[in-house]
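> the following block contains a protein sequence and its predicted model.
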Amino acid sequence: MIASIESIDMETARSLQGVFFDIDDTFTTHGKIPAAAFQALWALKESGLKVVPITGRPAGWCDHIARMWPVDAVVGENGAFYFWLDEQAGKLTKRFLDTEEIRSEKRARLRQVEQEILRSVPGTAIASDQAYREADLAIDFCEDVDRLDWPAIERICAIFGKHGATCKVSSIHVNGWFGEYNKLGMTKTMAAELWGADLETSKQRFLFCGDSPNDEPLFRFFPFSVGVRNVLGFVERMRNLPAYVTNHQGGEGFAEIAATILALKERDSASISAG
């Protein structure tokens, strides 16, 4: 049983230092960022909390996100890198796990996987954002194609596995790559390198919100994890569930998370001032 977000207490909110969040179907609703979600992101940032999207989306998108969104960094392609904008210097830093030479070699291997998936699983397509990716292969199963059933998604995963690739299922894509990295590992690296934070000892000070099976490592790691309402559609296929769930789906759920946290922190500040 996942607890309602309404059961979050003031003490939990008081200790919070930052918010990590998935993008697709967590920050977005039906592929769009609702005004309420983007306003909520600004509100979190302006409150002094650190805010970092943790996404499977490509490097090309993450360049834009790091530069133009009110965020402290972005982890992309399921942990292949993080990008960070030094606002004082106006310079973007790109921190990849692999060198360009290694990424190029892995992309060549992924092209073989791509060909087999397209031959073997009717109705699949390469994700429309693949041209902007540096490290992984994204197979579309419902974003720009008719939704595939779960057995078809499992066949895609099996082909990745046959080639020795890691794969994760998001709400729209199956992403595959060569290597043992993941969203959580690069999030830990980013926090250590940018903030000097050891998430192993300070994870209770950060919230993670997501919506799908590829968010499970973060749901498992962060005690303060929240799923937007649509995560309930995946619970039968997940071993690690969020601690809390919102009343609203997608971006509206993200806005609900922000409003809940900020209201609790404001109430806490008011009680301290009154005392």
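It's in.
> which pLDDT does the model give the closest residue to residue 9 other than its chain neighbours?
Among residues not flanking residue 9 along the chain, residue 264 sits closest, at 7.7 Å (Cβ to Cβ, 6 or more residues apart in numbering). C-betas here are computed from N, CA, C, even on glycine. With respect to pLDDT, residue 264 scores 95.
> residue 242 reaches residue 230, doesn't it?
No - using Cβ atoms under 8 Å as the test, residue 242 is too far from residue 230 to be in contact (11.8 Å).
> between the two, tell me which one has more neighbours.
Neighbours were counted for residue 242 and for residue 230 using other Cβ atoms under 10 Å; residue 242 has more, 27 against 19.
> gap between the more buried one and residue 168?
Separation of residue 242 from residue 168 (Cβ to Cβ, to the nearest Å): 16 Å.
> what segments of the chain are helices?
Listed in chain order, the helices of the chain (DSSP state H) span 10-14, 35-46, 59-68, 100-120, 150-162, 183-195, 199-202, 216-221, 250-274.
> dump those into a markdown table; add mean neighbour count as well.
Putting the helices of the chain into a markdown table (neighbours: other Cβ atoms under 10 Å) gives the following:
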| stretch | mean neighbour count |
| --- | --- |
| helix 10-14 | 14 |
| helix 35-46 | 17 |
| helix 59-68 | 18 |
| helix 100-120 | 14 |
| helix 150-162 | 16 |
| helix 183-195 | 20 |
| helix 199-202 | 13 |
| helix 216-221 | 20 |
| helix 250-274 | 17 |
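> reformat the ones you listed as TSV; add distance to residue 173.
Below are the helices of the chain laid out as TSV (distance: least, Cβ to Cβ, whole Å):
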stretch	distance to residue 173
helix 10-14	32
helix 35-46	20
helix 59-68	13
helix 100-120	12
helix 150-162	10
helix 183-195	14
helix 199-202	26
helix 216-221	16
helix 250-274	16
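> of all these, which lies closest to residue 79?
Set against residue 79 and scored by Cβ to Cβ, these come closest in helix 183-195, at 3.9 Å.
> please name every helix or strand in contact with that closest one.
Secondary-structure packing of helix 183-195 (3 or more Cβ pairs under 8 Å, 6 or more residues apart in numbering; DSSP states H and E): strand 50-53, strand 74-76, strand 81-86, strand 91-96, helix 199-202, helix 216-221.
> format the ones you listed as CSV; extra columns: distance to residue 145 and mean pLDDT.
As requested, those are exported to CSV (distance: least, Cβ to Cβ, whole Å; pLDDT from 0 to 100):
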stretch, distance to residue 145, mean pLDDT
strand 50-53, 25, 99
strand 74-76, 23, 99
strand 81-86, 27, 98
strand 91-96, 29, 97
helix 199-202, 36, 98
helix 216-221, 24, 96
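> which one of these lies closest to residue 126?
Closest among those, using Cβ to Cβ: strand 74-76, at 17.7 Å.
> quick one: residues in contact with that closest one.
The contact list for strand 74-76, computed with Cβ atoms under 8 Å, 6 or more residues apart in numbering, reads 52-59, 61-62, 65-66, 81-84, 183, 186-187, 190.
> circling back to that earlier point, looking at the helices and strands packed on helix 183-195, spot the one closest to residue 6.
Comparing these by Cβ to Cβ, helix 216-221 comes nearest, at 18.9 Å.
> still on that earlier bit, out of the helices of the chain, flag the one nearest residue 25.
Among the helices of the chain, helix 250-274 sits nearest to residue 25 (Cβ to Cβ), with 5.4 Å.
> run the angle between that closest one and helix 35-46 for me.
40 degrees (axes from the mean of the first three to the mean of the last three Cα atoms, to 10 degrees).
> in contact with residue 243, which residues?
Counting by Cβ under 8 Å, 6+ apart, residue 243 has contacts 2, 3, 219, 223, 224, 225, 226.
> would you quantify the distance from the first one to residue 231?
As for residue 2, its distance to residue 231 is 8 Å (criterion: Cβ to Cβ).
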